[in-house]
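Participant: Sequence first, then the predicted structure, then my questions.
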Amino acid sequence: MKLLIDNWRWAGVPFYLRTGKRLPGRNTHVVIQFRRAPFMLFRETQVENMMPNQLVLHIQPEEGYLFALCRQDSRARHATRRSEYGLRVLRLFRGSFRPAYERLLHDCMTGDATLFQRADMVGGRWSIVNPVLDVWKALPPRNFPNYPAGVWGPKESDELMERDGRRWRNFET
């Protein structure tokens, strides 16, 4: 799904959401893809082959972050290279870190509502999803884009991104 937020701050910034069952990996992450620079420093680099810089927030199964950057290749004067720099929380805390559900249950028992969603936030999310559900109920899908187990979704999902000159970042677990 592609969403656009109609306000001055997020005007023209697309948000792509993808979810599925029986995908190759079980994970939750947010990928922030930065716009390409208006000019190319290294003229010989094929722009269409370059992945844009990304900030990846890993939510589960292992929390952390990753910066994926395109940088100058030290071995070739006018070439770029992709580098990734990041942190995985479990590796940092080595066993003293509790899984998300354990922390959530602990917070529930101690009355700490910090990690819980407020009712207005939940309502805001349903205000996005309900119109989609209403259309699906009123107009049954003609050509539902199904997909076999073990792949990253239907080809229509990839085509959605390709129309905007983007592609999904798939994570194996």
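Facilitator: Perfect, thanks for sending it.

Participant: need the helix or strand of this structure with the lowest average pLDDT.
Facilitator: The helix or strand of the chain with the poorest confidence is helix 89-93; it has a mean of 68 (mean pLDDT, DSSP states H and E).

Participant: That helix: what's the following helix or strand?
Facilitator: helix 100-110 (DSSP states H and E).

Participant: how about the helices in this structure?
Facilitator: Along the chain, counting by DSSP state H, helices occupy 89-93, 100-110, 119-138, 155-163.

Participant: Which one of the ones you listed lies nearest to Met51?
Facilitator: helix 155-163 (12.9 Å; CB to CB). Backbone N, C-alpha and C define where each C-beta goes, glycine included.

Participant: Please identify the most buried of the helices of the chain.
Facilitator: Mean neighbour count (mean count of other CB atoms under 10 Å) peaks for helix 155-163 among the helices of the chain, with a mean of 13.

Participant: Report the distance from that helix to the chain centre.
Facilitator: 15 Å (CA atoms, centre = their mean, to the nearest Å).

Participant: I'd like the average pLDDT over it.
Facilitator: Here helix 155-163 scores 92 as its mean pLDDT.

Participant: so the nearest residue to His29 once chain neighbours are set aside bridges to which residues?
Facilitator: The shortest distance from His29 to any non-neighbouring residue, by CB to CB, 6 or more residues apart in numbering, is to His58 (5.0 Å). Judged by DSSP bridges, the bridge partners of His58 are His29, Gly64.

Participant: Just give me the neighbour total for His58.
Facilitator: By the criterion of other CB atoms under 10 Å, His58 has 20 neighbours.
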